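1. quick one, what's the 3D model for this:
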Amino acid sequence: MGIIPEKYLREWSRLLKAGREGSLYKREGGPMNGYLALSPLIVFLLVYLVSSITVKDFYSIPIASAFLIASCYALIITRGGIEQKIAIFSEGAGNKNVLLMIWIFVLAGAFASTAKDIGAIDATVNLTLMLLPERLMFAGIFIAACFISMSIGTSVGTIVALVPVATGLASQTGVSPAFMAAIVTGGAFFGDNLSFISDTTIAATKTQGCPMQDKFKANIFLAAPAAIIVAAIYIFQGHGIEAAAQAGPVEWTRLIPYISVIVLALSGMNVIPVLAIGIATNAIIGFSSGELTWSSWLGSIGNGIGGMGELIIVTMLAGGMLELIRSNGGIDFMIRLLTSRITGKRGAEFSIAALVSLANLCTANNTIAIITTGGIARDITRKFGLDPRKTASILDTFSCLVQGVLPYGAQLLMASGLAAISTMEIIRYLYYPFALGLIAILAIIFRFPRRYS
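-> Below is the predicted model:
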C-alpha cells in the first residue's frame, strides 16, 4: 500500500520476538495447544470446502458465512472471559491495516460505480478494442497490469484501475469475466513481487539486511520466466477471439477518470487520495455532460459502497479470527514446528518458503507474513549459510504466491467485488501465481540461480 518506515519494522520485530505481536491482552491459563490454536483456520476451510462439495457448487456458498462460523468457534476455544475474548477479536477486526483495506474497498466501490454511470468503462473498452488486435488482447491486458503494478508498487491499486475495464472487455468478446479479472490479478502480483516501492520488497530486504537491487536481481530470475510463459499462453488463447460487437466511437472525455487514476498512481500518490480524486473527476464529467445529477451521483456512490458490503464484512471477520489465532499462540507454534527438523540448504530454503506461506495463510496479508517470519528466516539463513538475497526473494515470492490464490485475501476480494463474481471463479483462471510458484520450487530444488545459491 505504501512504504513502511524502518522504525515500524523494528518495532514489529521487537513485539514478535517478545511473543506479544497482535494483541494487547494476555491469555489466561497458559499457552494453548498449538494445533488447537490453529484449528479455527481448519474449521473455516472445512466449512467452506465441505459445504461447496455437498451442494456441488463452489460459488453458491458465501465466504462470509464460513468465516462467521469459524470466528464463533475461535471465540469458544479461546481462554478467558467473554469480554476479553471479544476485545481480542475486535482488536483484530479493527486493526489499522484492516481499516485501511476497508477504506480502499469503500472508495473503490464508489469510483467504479460512478465511472460506470458516466460511461468511462465503455469508452475505455472501445479504445482498447480499437488499439489492440483481438488475438493480443489477453496478453496486452496482462502486460499492462504487470507494468502498472511494478510502477506503483501495489497490487490492489492495479486491480482497482484495470478490473472494471477488463470485465467490460469480457462482455464485448464473450469471454468469462472471471478469466479477465484473473489476467489483471496475475499481472498485479508480478509488480507487487518486484517493485522497489512495494511493501513486500521493503519488508523482505529490511528483515534480511540486503539491498533492494540485489533482491530484485535474484527475484527477476523467477518472475520473468513465469511472466513470459503466461504471456505466451495468453497469446495462444487469444487466437480465434472475436468481439461480440465492433468497437464504438471513443468518447475521449470519459477516458479521463481511468487515465487520471493510473497517472496519479504512477506518480507515487497513495491509493486513497487517488480514488478520491477519481470520484471527484467522475462527478465533474457527469455533471457537465448531464449524465449525473447531484442525487444520482450520491445514489451511484451508495450503490458502489453497497456492492462492497460482503467484502468489508469478510475482511473484518477474517481480521478478528486471525487475531485470536495469533493471541492463542498459533503462529508461534507453526514457526517452531517448521524449524525443528531442518537439514541442508534445500531443506532450509523450503522451510523458509513453508514458514512464510503458512504465516500468510494465517494473516491474509503478505507484508505482515514477511515481517512475522523475517527474523526466523534470517536466523535460518545464517545457520545454514544461505544467501540473504535468495532468502529475501523466497520470502517475497512465496508470500505473493499464497496471497495471490487466497480466496479471503484483499486482492481477490477486491477483484471479485469489482467484477461481481465469486473469488473461486477467479482462482481457477489464475495462471501467473501458480507458474511463479512452480518456478520458485524448481529454483530451490536445482539451486537456481547459481549466483545466489
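2. any low-confidence regions in the chain?
-> For the chain, the stretches flagged by pLDDT under 70 are 1-31, 58-59, 129, 197, 240-248, 266.
3. which residue is most remote from the mean position of it?
-> Distance to the chain centre peaks in the chain at Gly290, reaching 36.9 Å (criterion: Cα atoms, centre = their mean).
4. phi, psi of that residue?
-> With angles defined as degrees, to the nearest 10, Gly290 sits at phi 90, psi 0.
5. quick one: residues contacting Thr391.
-> Going by Cβ atoms under 8 Å, 6 or more residues apart in numbering, Thr391 touches Gln208, Glu349, Ile352, Ala377, Arg378, Ile380, Thr381. Any C-beta I mention is one placed from the backbone N, CA and C, and that applies to glycine too.
6. I'd say the fourth one and Phe350 touch.
-> Looking back up the chat, that one is Ala377. No: the criterion here is Cβ atoms under 8 Å, and Ala377 misses it with Phe350 at 12.0 Å.
7. for these two, indicate the residue with more neighbours.
-> With neighbours defined as other Cβ atoms under 10 Å, Ala377 and Phe350 compare such that Ala377 has more, 29 against 18.
8. can you give me every residue that contacts the more buried one?
-> Counting by Cβ under 8 Å, 6+ apart, the residues that Ala377 touches are Thr207, Gln208, Ile352, Leu355, Val356, Thr391, Ile394, Leu395.
9. thinking again about what came up before, quick one: buried ones out of the contacts of Thr391?
-> For the contacts of Thr391, a neighbour count by 16 or more other Cβ atoms under 10 Å gives the buried set as Gln208, Glu349, Ile352, Ala377, Arg378, Ile380, Thr381.
10. out of those, which comes closest to Thr339?
-> Nearest to Thr339 among these, counting by Cβ to Cβ, is Ile380 at 6.6 Å.
11. which ones are touching the closest residue to the closest one other than its chain neighbours?
-> Using Cβ to Cβ, 6 or more residues apart in numbering and skipping residues adjacent in sequence, the residue nearest Ile380 is Ala348, 5.2 Å away. The neighbours of Ala348, taking Cβ under 8 Å, 6+ apart as the test, are Ile342, Ile380, Thr381, Lys383, Phe384, Leu386.
12. hmm, try it at 10 Å
-> Thr339, Ile342, Ala377, Ile380, Thr381, Lys383, Phe384, Gly385, Leu386, Thr391, Ile394, Ile444 (Cβ atoms under 10 Å, 6 or more residues apart in numbering).
13. which helix or strand contains it?
-> Assigned by DSSP states H and E, Ala348 falls within helix 344-363.
14. how about the contacts of Ala348 in a markdown table, adding distance to Glu91 and secondary structure?
-> A markdown table is the format used below for the contacts of Ala348 (distance: Cβ to Cβ, whole Å; DSSP: H, G, I helix; E, B strand; the rest coil):
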| residue | distance to Glu91 | secondary structure |
| --- | --- | --- |
| Thr339 | 28 | helix |
| Ile342 | 33 | coil |
| Ala377 | 26 | helix |
| Ile380 | 30 | helix |
| Thr381 | 32 | helix |
| Lys383 | 34 | helix |
| Phe384 | 36 | helix |
| Gly385 | 40 | coil |
| Leu386 | 35 | coil |
| Thr391 | 31 | helix |
| Ile394 | 31 | helix |
| Ile444 | 36 | helix |
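15. what's the closest of those residues to Ala415?
-> Distance to Ala415, by Cβ to Cβ, is smallest for Ile394 among the contacts of Ala348, at 25.7 Å.
16. how near is that closest one to Leu38?
-> Taking Cβ to Cβ, to the nearest Å as the measure, Ile394 falls 22 Å from Leu38.
17. and these two? Which one has more around it.
-> Per other Cβ under 10 Å, whichever of Ile394 and Leu38 has more neighbours is Ile394, with 30 against 22.
18. is it true that that one touches Ala218?
-> Yes: using Cβ atoms under 10 Å, Ile394 is in contact with Ala218, at 9.0 Å.
19. between those two, what contacts are shared?
-> Taking Cβ under 10 Å, 6+ apart as the criterion, Ile394 and Ala218 both touch Ala443.
20. need the overlap of contacts for Ala377 and Phe350.
-> Common contacts of Ala377 and Phe350, defined by Cβ under 10 Å, 6+ apart, comprise Ile394.
21. hang on, the earlier thing: between the buried ones among the contacts of Thr391, which is closest to Ile42?
-> Proximity of the buried ones among the contacts of Thr391 to Ile42 (Cβ to Cβ) peaks at Ile352, which lies at 23.2 Å.
22. what count of nearby residues applies to Ile77?
-> Per other Cβ under 10 Å, the neighbour tally for Ile77 reads 16.
23. how far does stretch 77-94 sit from its chain's centre?
-> Mean C-alpha position of stretch 77-94 versus that of the full chain (Cα atoms, centre = their mean, to the nearest Å) differs by 26 Å.
24. an error on my part: the question was meant for stretch 445-453.
-> Centroid separation for stretch 445-453 versus its chain: 28 Å, with Cα atoms, centre = their mean.
25. next helix or strand past the lengthiest helix in the chain?
-> Counting by DSSP state H, the longest helix found in the chain is helix 212-238. Next along the chain after helix 212-238, taking DSSP H and E as the criterion, comes helix 256-266.
26. elements contacting whichever helix or strand comes after that following helix?
-> Next helix or strand after helix 256-266 toward the C-terminus (DSSP H and E): helix 271-289. Judged by 3 or more Cβ pairs under 10 Å, 6 or more residues apart in numbering; DSSP states H and E, helix 271-289 is in contact with helix 96-117, helix 120-131, helix 155-173, helix 256-266, helix 294-307.
27. sort out which residues of helix 271-289 are buried, please.
-> Buried-residue list, helix 271-289, by 16+ other Cβ under 10 Å: Val271, Ile272, Val274, Leu275, Ile277, Gly278, Ile279, Thr281, Asn282, Ala283, Ile285, Gly286.
28. hang on, isn't the third one packed against Val160?
-> Yes: A contact is recorded between Val274 and Val160 when judged using Cβ under 10 Å, the distance being 8.5 Å.
29. what do those two both touch?
-> Overlap of the contact sets of Val274 and Val160 (by Cβ under 10 Å, 6+ apart) consists of Leu107, Phe111, Thr154, Val261, Ala265.
30. distance to Glu91 added to these, as TSV?
-> Below are the shared contacts of Val274 and Val160 laid out as TSV (distance: Cβ to Cβ, whole Å):
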residue	distance to Glu91
Leu107	24
Phe111	30
Thr154	25
Val261	33
Ala265	31
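31. so which of the residues you listed wins on neighbours?
-> Busiest of these [other Cβ under 10 Å] is Phe111, holding 29 neighbours.
32. contact partners for that residue?
-> Phe111 touches 120, 160-161, 164, 257-258, 261, 274-282, 301, 304, 418, counting by Cβ under 10 Å, 6+ apart.
33. same thing but 8 Å
-> Counting by Cβ under 8 Å, 6+ apart, Phe111 makes contact with Val160, Pro257, Val261, Leu275, Gly278, Ile279, Asn282, Gly304.
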